[in-house]
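A structural model of the following input is requested.
(one chain, ligands or ions: 2)
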Amino acid sequence: MSTPDLKARSPWSQLNDIQSVKISPKPHQPIDGGIRIPGSKSFTNRALIMAALAKGTSTLSGILKSDDSYWCIDSLNKLGIDTEIEGDVVTVHGCNANWPNTQADLYIGAAGTTARFLPGALAVAKNGNSVVKASKRMSERPVEPLIHALTDLGANIDYLEKEGFFPIKIKGDGLKGGAVRISGKISSQFISGLLLASPYAENEVSITIPDTIVQHEYVRITLGLMEKFGVTVEVSEDLNHMVVPQGEYLGQDLPLEADASTASYFFALAALTNGRIRITNLTAETNQPDIHMLEIYEKMGCQVIKGEDYIELTGTEQLIGGLDISMKEMSDQTLTLAALAPFASGPITMRDVEHIRHHESDRIRAICTELRKLGISVEEFQDGLTVYPGTPQAAILDSYDDHRVAMSLALIGTTVSGIIIRDPGCVSKTCPTYFELLQQLGISVEYVM
Ligand SMILES: O=C(O)C1=C[C@@H](OP(=O)(O)O)[C@@H](O)[C@H](O)C1
Ligand SMILES: C=C(OP(=O)(O)O)C(=O)O
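Residues are numbered from 1 along each chain as shown. Ligands and ions are numbered 1, 2, ... in the order given. Coordinates of the predicted model:
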């Protein structure tokens, strides 16, 4: 069992004293309800950093309040950025790329987004000498391709412990610009982080991706938000070539989207329990890639209504299996599908996701281990897994300090009795209210201190 890195849990986390949670199916009636989903992590952390770099004040509404956004805001505050938070609205007083505190000692927790977006934003300043530290796991996750590309553009960044990993020290010397190559095959966040900083270089930045991008849509989210903040990037259709002009972000008033990745667990809940869930603050008109899980749920026999301001999913008596799916472009949902898979009529194979071995846990290894504890047959490959139909038995499961492992395994508890998950608090990385939302829908949630 892995020891959770509790230092990375923020004041917005809720369940850190809880050892485990027992999830039990809703008695009697099927699940039928509507819920609002918290804000998107991806939109929140991008918008926060762009707003901080911008000239003028921004008001961002519908932000996610979770560990990932807390440590992002905390880092911006330590860099001298004033923010005011009221409910889920944050006002950010931008610094026009001149961070007020040039000697900051930052801690970014376990957030891949902040880890990959902040270095470029710090490197564009004309002075400064800041240290960025990360959680234990984030300090094991790759950042080298990004740092290499920023260095090629003239940034001055040192590794403080292990070459290629956090902690790092960033000297604000500005970016010169020019042509740069960056790999997208381990993380799309490297490309987003490079894009986000590029308008502030002395010359236009011409970016080439020589290989592939694991999740293109996250790059499109970055491009879309850059456009909203006033910078238009020229892009090739496959996103392998992009030219970022010199420019600056201008403060904006922006409503942010709800989190499609979080929504997917609730659609999965309806799929699994033959219930009905309406998400009342998300539409299918989004670049968030995990929205495409709706197509998979449909293939599995569910019915989806895409409303003007909601999405509704109705489950089915028997989920259809016998699927072989590339999860590359929505890889955060591999675990959700793996949790549904034992209940399907045939095996489900999920492929092309080797990169998720570098996420909050080695996710392929983690889900295979936990499904086996439930008595489910799985086959693990380097870049994915096959899950065979079966009847999960009661078990105590580990969450590997990984919100998506905990949220996915909890789904199994909504149809099978006796599912206990250790360290439920880890859901606070992206959805501190996850278990409350399950309770609202009638699922029994019992905490053990
Ligand atoms: O840019 C983003 O907001 C994200 C990009 C993806 O990361 P990778 O491209 O590293 O897989 C995704 O897994 C993560 O949850 C959010
Ligand atoms: C991979 C994830 O997060 P991060 O932003 O830390 O990469 C995730 O949320 O599944």
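
How about the contacts made by residue 71?
8, 10, 107, 108, 109, 111, 114 (C-beta atoms under 8 Å, 6 or more residues apart in numbering). Using the backbone N, CA and C atoms, a C-beta is placed for each residue, glycine as well.

Report the buried members of those residues.
8, 10, 107, 108, 109, 111, 114 (16 or more other C-beta atoms under 10 Å).

The second one: what's it in contact with?
Spelled out, that is residue 10. Here residue 10 is in contact with 66, 67, 70, 71, 74, 109, 428 (C-beta under 8 Å, 6+ apart).

Check it and give its pLDDT.
In this model, residue 10 is scored at 98, pLDDT.

Close to ligand 1 as well: tell me which of the contacts of residue 10 qualify.
The subset of the contacts of residue 10 within reach of ligand 1, by C-beta under 6 Å from any ligand atom, is empty.

In a markdown table, list those along with distance to ligand 2 and pLDDT.
Formatted as a markdown table, these follow (distance: C-beta to the nearest ligand atom, whole Å; pLDDT from 0 to 100):
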| residue | distance to ligand 2 | pLDDT |
| --- | --- | --- |
| 66 | 10 | 98 |
| 67 | 10 | 98 |
| 70 | 13 | 98 |
| 71 | 11 | 98 |
| 74 | 16 | 98 |
| 109 | 9 | 98 |
| 428 | 12 | 98 |
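
Let's see which of those residues end up in helices.
67, 70, 71, 74 (DSSP state H).

Write out the residues of the stretch 1-150 of the chain neighbouring ligand 2.
111, 112, 113.

Pretty sure the first one sits against residue 68.
In this case it means residue 111. Yes. Using C-beta atoms under 8 Å, residue 111 makes contact with residue 68 at a distance of 3.9 Å.

what about whichever residue of the chain sits closest to ligand 2, distance to residue 72?
The minimum distance from the chain to ligand 2, using C-beta to the nearest ligand atom, falls at residue 112 (2.4 Å). Distance, residue 112 to residue 72, using C-beta to C-beta, to the nearest Å: 11 Å.

Between those two, which is the more surrounded one?
Counted by other C-beta atoms under 10 Å, residue 112 and residue 72 do not tie: residue 72 has more neighbours, with 28 against 24.

contacting residues around that one?
With contact taken as C-beta under 8 Å, 6+ apart, residue 72 is in contact with 44, 45, 48, 49, 108, 111, 113, 114, 118.

Give me the spatial nearest neighbour of it, chain neighbours excluded.
Among residues not flanking residue 72 along the chain, residue 114 sits closest, at 4.5 Å (C-beta to C-beta, 6 or more residues apart in numbering).

okay, now residue 351: neighbour count?
Counted with other C-beta under 10 Å, residues neighbouring residue 351 total 16.

Give me the distance from stretch 48-64 to the chain's centre.
Chain-centre distance of stretch 48-64: 19 Å, with C-alpha atoms, centre = their mean, to the nearest Å.

I meant to write stretch 396-407 there.
The answer for stretch 396-407 is 15 Å, by C-alpha atoms, centre = their mean.

How about that stretch and ligand 1, touching?
No. Using C-beta under 6 Å from any ligand atom, stretch 396-407 stays clear of ligand 1, with a minimum separation of 8.6 Å.

out of everything not next to it in sequence, what's closest to residue 176?
Residue 176 sits nearest to residue 154 (C-beta to C-beta, 6+ apart), 3.8 Å away.

tell me the SS of that neighbour?
Under DSSP: H, G, I helix; E, B strand; the rest coil, residue 154 falls in the coil class.

for the stretch 251-400 of the chain, what spans make up the strands?
253-255, 276-279, 303-306, 311-314, 323-326, 348-351, 378-381, 384-387, 395-397 (DSSP state E, counting those that start in this stretch).

What ranges does the stretch 51-200 of the chain have for its strands?
Going by DSSP E, counting those that start in this stretch, the stretch 51-200 of the chain shows strands at 57-61, 83-86, 89-93, 105-107, 129-133, 156-159, 168-171, 178-181.

Tell me which of these sits nearest to ligand 1.
Closest among those, using C-beta to the nearest ligand atom: strand 57-61, at 15.2 Å.

For that closest one, buried residues please.
Neighbour count says strand 57-61 has 58, 59, 60 buried, by 16+ other C-beta under 10 Å.

Now do it: everything it contacts.
Here strand 57-61 has contacts from 44, 47-48, 50-51, 88-94, 251-256, using C-beta under 8 Å, 6+ apart.

mind redoing it with 7 Å?
47-48, 51, 88-94, 251-256 (C-beta atoms under 7 Å, 6 or more residues apart in numbering).

Let me know the helix or strand that residue 23 is in.
According to DSSP states H and E, residue 23 maps onto strand 20-24.

just curious, which of the ones in helices among the contacts of residue 10 is nearest to ligand 1?
Of those, the one sitting nearest to ligand 1 (C-beta to the nearest ligand atom) turns out to be residue 67, at 13.2 Å.

give me every residue that touches the closest one.
Residue 67 makes contact with 8, 9, 10, 12, 13, 109, 110, 428, 429 under the criterion C-beta under 7 Å, 6+ apart.

Tell me the residues on the protein that lie near ligand 1, please.
For the chain, the residues in contact with ligand 1 (C-beta under 6 Å from any ligand atom) are 42, 112-113, 187-189, 192, 214-215, 218, 331-332, 355.

Could you tell me which of those residues are located in helices?
Under the assignment DSSP H, the residues of the chain next to ligand 1 contribute 42, 112, 113, 189, 192, 218 to helices.
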